[in-house]
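>>> Sharing a model prediction with you, sequence too.
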Amino acid sequence: MASLQASNFIVSSSSSKQIHAAISVPKRPSIRFSVPKVPTKTLPEELNTRDGFMNTIPIEKNVTRTPLLQESSSVSMATVQLYAILEAVVDRVEMHKNIGEQRENWNTLLLNSINMITLTAATMAGVTATGGAGVSLLGLKLASTLLFSAATGMLVFMNKIQPSQLVEEQRNATRLFKQLQSQIRTLLAVGSPSKEDVADAMEKVLALDKAYPLPLVGVMLEKFPERLEPAVWWPKNQSQKTNKAKHFNGRVESNGWTEELEMEMREVVEVIKRKDSEDYERLGNKALKINKVLAKSGPLLTGIAAMGSAFMGSSNGPWAAIVAAVAGSLASAVNTFEHGVQVGMLFEMYRNNAGFFRLLQESIESTLDESDVQKRENGELFEMKVALQLGRSLSELRDVAKKSSYSRIEGSPIDEFASKLF
């Protein structure tokens, strides 16, 4: 009995110990310590996925880029400035296009109006010369005189501004501004613009504005100069280059340039000077002389017609009416030839073409004057550009250079032009 109690005591004591141990040592709670972990998401990504909002905050990668931005700040500013210049160039294109269309309408309306007025007045003078019965000679006299006088004033104004020449100026300006627009876009697309590129673009815009002004008062180009001067729409190069000796090892290329290519470009310049530029200046001066004669003849004839119509009805009335009718008819023919054929436009076209050849000549010479061939444009690319501007293939351009060299050696004139476009 005592042993049974002892065993029960042992069992109960041992079980009580186990229960006590289970009660006194509770299960440890799972406590998470704030141990820093390597982040797998950036803060913007976590904000985008928090509270069910997806893609509401733009994720910007590589947030810590301040040093890089500071280093490239000058390049970025040059790009922004070029885009601003590009916007101005696009606006210039639209302005010159619209004003060109407006001035073309001027040419058509003024030409038709002056011819109608002149022919109407000449018809009245002719009726007066017949001395028809029942016709009011005083009314015809006054009407024809007023119409001839109005035609004279309109002709003076029209010949002063030369609408057809103004239209050609706007066409050329539109084309050249589009060309500049394409150059700026190419630079922005394939290159890293610099401050020098921005300054060069600004100079080109201002040079074009000066070469082809929009206003008619004050800055309008002289329509009847003493002689043709080629149009200049490019900025003058202010940098003075020293022509030092260049060293080529035979046909070994240096940035695409060889001695043979330099000689070829010099011969092309000689052909442009002796043939293309000289020929277009000659044609331009002829067009200028013809335009001057026509511009003076038209108002002179309408003025004579106005004076003749004023003397109708006097003792010499029939002869005065005949003079008025004939002078008015001739004035209409002269006006039609001058502004219908657009002689002023022809003069401006020759002036612009002469400017094109001068620009090409200066471009080649300035490139060859650069002593460091590494600073030049690549020789093969430059040759291709010159050939395309002259409307020739590379082989044809080289043949022209060879003919020019042979003609100078033999002392005979060259019978071929450099350009096949104009």
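Arrived safely. Numbering: from 1, shown residues only.
>>> Just the pLDDT for the closest residue to residue 374 other than its chain neighbours.
With Cβ to Cβ, 6 or more residues apart in numbering as the measure, residue 255 is the residue that lies nearest to residue 374, at 5.3 Å, once sequence neighbours are left out. Quick note: C-beta positions are derived from backbone N, CA and C, even for glycine. On the pLDDT scale, residue 255 is placed at 85.
>>> where in the stretch 1-150 of the chain is pLDDT low?
By pLDDT under 70, the low-scoring segments of the stretch 1-150 of the chain are 1-76, 131-136.
>>> What is the neighbour count of residue 381?
A count of neighbours around residue 381, defined by other Cβ atoms under 10 Å, yields 11.
>>> Pull the contacting residues for it.
residue 256 (Cβ atoms under 8 Å, 6 or more residues apart in numbering).
>>> so where does it fall, helix or strand?
Using DSSP states H and E, residue 381 falls within helix 379-389.
>>> Kindly provide the distance from residue 383 to residue 229.
30 Å (Cβ to Cβ, to the nearest Å).
>>> could you show me where the helices are in the chain, in order?
Taking DSSP state H as the test, the helices found in the chain are 2-24, 43-49, 66-71, 73-130, 137-161, 163-190, 195-211, 259-271, 278-310, 317-335, 343-369, 379-389, 394-410.
>>> and these as JSON lines, adding distance to residue 219?
Below are the helices of the chain laid out as JSON lines (distance: least, Cβ to Cβ, whole Å):
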{"stretch": "helix 2-24", "distance to residue 219": "106"}
{"stretch": "helix 43-49", "distance to residue 219": "56"}
{"stretch": "helix 66-71", "distance to residue 219": "44"}
{"stretch": "helix 73-130", "distance to residue 219": "14"}
{"stretch": "helix 137-161", "distance to residue 219": "13"}
{"stretch": "helix 163-190", "distance to residue 219": "12"}
{"stretch": "helix 195-211", "distance to residue 219": "8"}
{"stretch": "helix 259-271", "distance to residue 219": "33"}
{"stretch": "helix 278-310", "distance to residue 219": "20"}
{"stretch": "helix 317-335", "distance to residue 219": "27"}
{"stretch": "helix 343-369", "distance to residue 219": "16"}
{"stretch": "helix 379-389", "distance to residue 219": "30"}
{"stretch": "helix 394-410", "distance to residue 219": "39"}
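>>> so what's the residue nearest the centre of the chain up against?
What sits nearest the mean C-alpha location of the chain, by Cα atoms, centre = their mean, is residue 177, with 1.1 Å. Going by Cβ under 8 Å, 6+ apart, residue 177 touches 89, 92-93, 96, 208.
>>> Equivalent analysis for residue 184, please.
Contacts of residue 184 (Cβ under 8 Å, 6+ apart): 82, 85-86, 89, 201.
>>> Done for today, thanks.
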